[in-house]
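A.B. asks: Predicted structure and sequence below. I'll ask about it afterward.
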Amino acid sequence: MAARPASRMLRQLLRSNVRSCSSGAPMTQPRPGEPSRPTREGLSMRLQFLQEHAAPFSAFLTDSFGRQHSYLRISLTEKCNLRCRYCMPEEGVSLTPKADLLTTEEILTLARLFVKEGVDKIRLTGGEPLIRPDVVDIVARLHQLEGLRTIGVTTNGINLARLLPSLQQAGLSAVNVSLDTLVPAKFEFIVRRKGFHKVMEGIHKAIELGYKPVKVNCVVMRGLNEDELLDFVALTEGLPLDVRFIEYMPFDGNKWNFKKMVSYKEMLDAIRQRWPGLEKLPEEDSSTAKAFKIPGFQGQISFITSMSEHFCGTCNRLRITADGNLKVCLFGNSEVSLRDHLRAGASEEELLRIIGVAVGRKKRQHAGMFNIAQMKNRPMILIGVLLMLQDSPPASWSTLSWDPLHVRNPGAKQCLSDQMATLWKRHSVPMALPLSQQCLGSGSPQRHYSSYPDPDTHPKCLSTGSRAPDVPSGPGPTSDQLTHVDSAGRATMVDVGGKPETERVAVASAMVLLGPKAFKLVQQNQLKKGDALVVAQLAGVQAAKLTSQLIPLCHHVALSHVQVHLELDSTRHAVLIQVSCRARGPTGVEMEALTSAAMAALTVYDMCKAVSRDIVVTEVKLISKTGGQRGDFHRT
């Protein structure tokens, strides 16, 4: 994207004394011991200049519905010093190994890339971001990024009073504090820890340092704290707070129940009964909150209506999890690993292309509240708001080209591949069978895509998968009756409630015969629609997770791993597709693997159909399945 020299020059001139902030936080750098005050004249001049010299927004951060994503939330850690009931499962969560979390330099590299493309607001989240030892340094280095207007933090407040002076000096411009009760004993019950007075001290320290408003996030849960609504509103009479009431949202392990959720309208009615003069405030287009104010009160209240009235149409938010996954929707379960691409030596252009594909696939809106409650998603603590079990090989959704003319850092890629293979073998999970054993010459560029780097890479061969362990071939025991038909011949869903849960793995394949012309365009990545292999890979992963919604009598399976592997076969002008799905449960995952392979193949067809209609999707078949009561199956 083109640089913005004029706006950069202005920022350099203003940096010493003015910092723009959309949240109303202090605009001038404070003198030691002196509260900050905004410089209205400087802010007005800056905003006017930026509006007049604004560059076109990045196409990579604009989705198919025209939403421009200028707000990035970055999770600094999965750890937290509290155990909030709506956020973390009672049994805790399996934390990602430290080596798989983003390093400080990786965080800053990604932040720099997003800001360069148009992100002007970054919020640091967790876990609890203020337990990260270098959080002040991260804020200071983010503050140096040209074009970044707002740096915010969402915190539980335990360490806020101690760290906020240093954070403000480093450039922190907005503060959100989570607080769900004003009763100390109830606080300990909700968060399973002590610390109420530290949180209140942190809120007052933010007010003292000039942050206005200080946002207080309150998750309202029936039977727990909905009786404190009016007490929270009363806080805004004498304090410059924005108390934000958040509808209780479902995440893994928080035991969400519709009956626990207090809707926005119910809360609003209760407040209006006490303060009938409550006034609605104007909102920014991309605001997530419906804001109100009681005349004469210093502060205001807001409602985050994620469940009852979504605000997807104006969503401008993206999230990067602590382990480096890009999440385009809070309630979506599809993620793309930017960490793995960084560590594999991906260039800035490659990263932008991957980000652009993910953003481009963002849906118009998330599912309704009841569907959300049934969806598999991370616990909130791990979002910062690929589901991977702790003992699963890390998913990376890599789109790596092994063309010897284009590999920029083969050493790094090989190192990562070796690590992935070691993890895979350690847990005795069969590797997906190689699609082809044919080695191709290196005279022409070849492209090879997989959902993670393969463990054995030969510079002249696209067949890079490890051989599966020797196992008996041929079908296992079969039934002489259809299982999805009852005694009267009617369709019925099989009851798997009494079956034992075992580790299930299935591998399926498909082939797309493109013809010479379309094959050449795919090989050289010159299709007008974009990169067919990347899009097909993502479609395959998504299809595996949606199988139960596409095939009526399939059970929903919580997949722990999906690998989609695409390979070009120049002798047949074909794309070879192989999918491996894994889950632990009472039913198999062969339908997920077959659906994934078929959908990836159809996506290749869709990407190429403008070039040729003479495309054949063929050989959609099951290669192997393991872990079921009927025995293992391996196609000979």
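C.D. replies: Looks like it arrived, so ask away.
A.B. asks: pretty sure residue 601 contacts residue 512?
C.D. replies: Yes. Residue 601 lies in contact with residue 512 (C-beta atoms under 8 Å); the separation is 5.0 Å. All C-beta spots, glycine's among them, are computed from the backbone N, C-alpha and C.
A.B. asks: Around residue 349, how many other residues sit close by?
C.D. replies: Residues lying near residue 349 (other C-beta atoms under 10 Å) number 8.
A.B. asks: overlap in contacts of residue 601 and residue 512?
C.D. replies: Shared contacts of residue 601 and residue 512, defined by C-beta atoms under 8 Å, 6 or more residues apart in numbering, are found at 575, 577, 617.
A.B. asks: Kindly present the residues you listed as JSON lines, with separate columns for distance to residue 549, neighbour count and secondary structure.
C.D. replies: Formatted as JSON lines, those follow (distance: C-beta to C-beta, whole Å; neighbours: other C-beta atoms under 10 Å; DSSP: H, G, I helix; E, B strand; the rest coil):
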{"residue": "575", "distance to residue 549": "26", "neighbour count": "32", "secondary structure": "strand"}
{"residue": "577", "distance to residue 549": "21", "neighbour count": "31", "secondary structure": "strand"}
{"residue": "617", "distance to residue 549": "21", "neighbour count": "16", "secondary structure": "strand"}
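A.B. asks: With respect to residue 202, which of those is nearest?
C.D. replies: residue 577 (52.7 Å; C-beta to C-beta).
A.B. asks: who touches that closest one in this structure?
C.D. replies: Here residue 577 is in contact with 435, 509-512, 536, 540, 564-567, 597, 600-601, 604 (C-beta under 8 Å, 6+ apart).
A.B. asks: just to revisit the earlier point, looking at the shared contacts of residue 601 and residue 512, spot the one nearest residue 221.
C.D. replies: residue 577 (45.6 Å).
A.B. asks: Specify the beta-bridge partners of that closest one.
C.D. replies: Judged by DSSP bridges, the bridge partners of residue 577 are residue 510, residue 566.
A.B. asks: what separates it from residue 354, distance-wise?
C.D. replies: 20 Å (C-beta to C-beta, to the nearest Å).
A.B. asks: pLDDT value on residue 306, please?
C.D. replies: If you check residue 306, the pLDDT there is 75.
A.B. asks: I'd assumed residue 246 was in contact with it.
C.D. replies: Yes. Proximity of residue 306 to residue 246 meets the contact threshold set by C-beta under 8 Å, at 7.4 Å.
A.B. asks: can you tell me which residues contact the closest residue to residue 298 other than its chain neighbours?
C.D. replies: Leaving out its chain neighbours, the residue that sits closest to residue 298 by C-beta to C-beta, 6 or more residues apart in numbering is residue 240, at 5.0 Å. Counting by C-beta under 8 Å, 6+ apart, residue 240 touches 207, 212, 213, 214, 298, 299.
A.B. asks: Neighbour-wise, which one of those residues leads?
C.D. replies: residue 214 (27 neighbours).
A.B. asks: mind listing the helices for the stretch 1-150 of the chain?
C.D. replies: Taking DSSP state H, counting those that start in this stretch, the helices of the stretch 1-150 of the chain run over residues 5-14, 40-52, 104-116, 135-143.
A.B. asks: Show me the shaky parts of this protein.
C.D. replies: 1-55, 86-93, 249-258, 286, 307, 310-311, 330-333, 365-492, 496-498 (pLDDT under 70).
A.B. asks: Check for me that residue 217 belongs to a strand.
C.D. replies: Yes. Remark: residue 217 belongs to a strand, assigned using DSSP: H, G, I helix; E, B strand; the rest coil.
A.B. asks: is it in a bridge, and if so with what?
C.D. replies: residue 178, residue 244.
A.B. asks: Against residue 175, how distant is it?
C.D. replies: Taking C-beta to C-beta, one finds residue 217 at 11 Å from residue 175.
A.B. asks: higher neighbour count, these two?
C.D. replies: Ranked by neighbour count (other C-beta under 10 Å), residue 217 and residue 175 place residue 175 first, with 27 against 19.
A.B. asks: For the more buried one, give me its contacts.
C.D. replies: Per C-beta under 8 Å, 6+ apart, neighbours of residue 175: 25, 152, 153, 155, 160, 164, 206, 211, 214, 215.
A.B. asks: Repeat the analysis, applying 7 Å as the threshold.
C.D. replies: Residue 175 is in contact with 152, 153, 206, 211, 214, 215, counting by C-beta atoms under 7 Å, 6 or more residues apart in numbering.
A.B. asks: does it count as helix, strand or coil?
C.D. replies: Applying three-state DSSP: residue 175 is strand.
A.B. asks: Return the distance of it relative to residue 212.
C.D. replies: According to C-beta to C-beta, residue 175 and residue 212 sit 10 Å apart.
A.B. asks: do the same with residue 303
C.D. replies: In terms of C-beta to C-beta, residue 303 sits 20 Å off from residue 212.
A.B. asks: likewise residue 200?
C.D. replies: Residue 200 is 18 Å from residue 212, where distance means C-beta to C-beta.
A.B. asks: Residue 556 too?
C.D. replies: Residue 556 is 47 Å from residue 212, where distance means C-beta to C-beta.
A.B. asks: With residue 171 instead?
C.D. replies: 17 Å.
A.B. asks: ok, now residue 615?
C.D. replies: Taken as C-beta to C-beta, the span from residue 615 to residue 212 is 60 Å.
A.B. asks: again, but for residue 324
C.D. replies: Plainly put, residue 324 is 34 Å away from residue 212 if you go by C-beta to C-beta.
A.B. asks: ditto for residue 224
C.D. replies: 30 Å.
A.B. asks: again, but for residue 581
C.D. replies: 51 Å.
A.B. asks: ok, now residue 623?
C.D. replies: In terms of C-beta to C-beta, residue 623 sits 62 Å off from residue 212.
A.B. asks: cool, and residue 94?
C.D. replies: Where residue 212 is concerned, residue 94 sits at a distance of 40 Å (C-beta to C-beta).
A.B. asks: now residue 132
C.D. replies: 26 Å.
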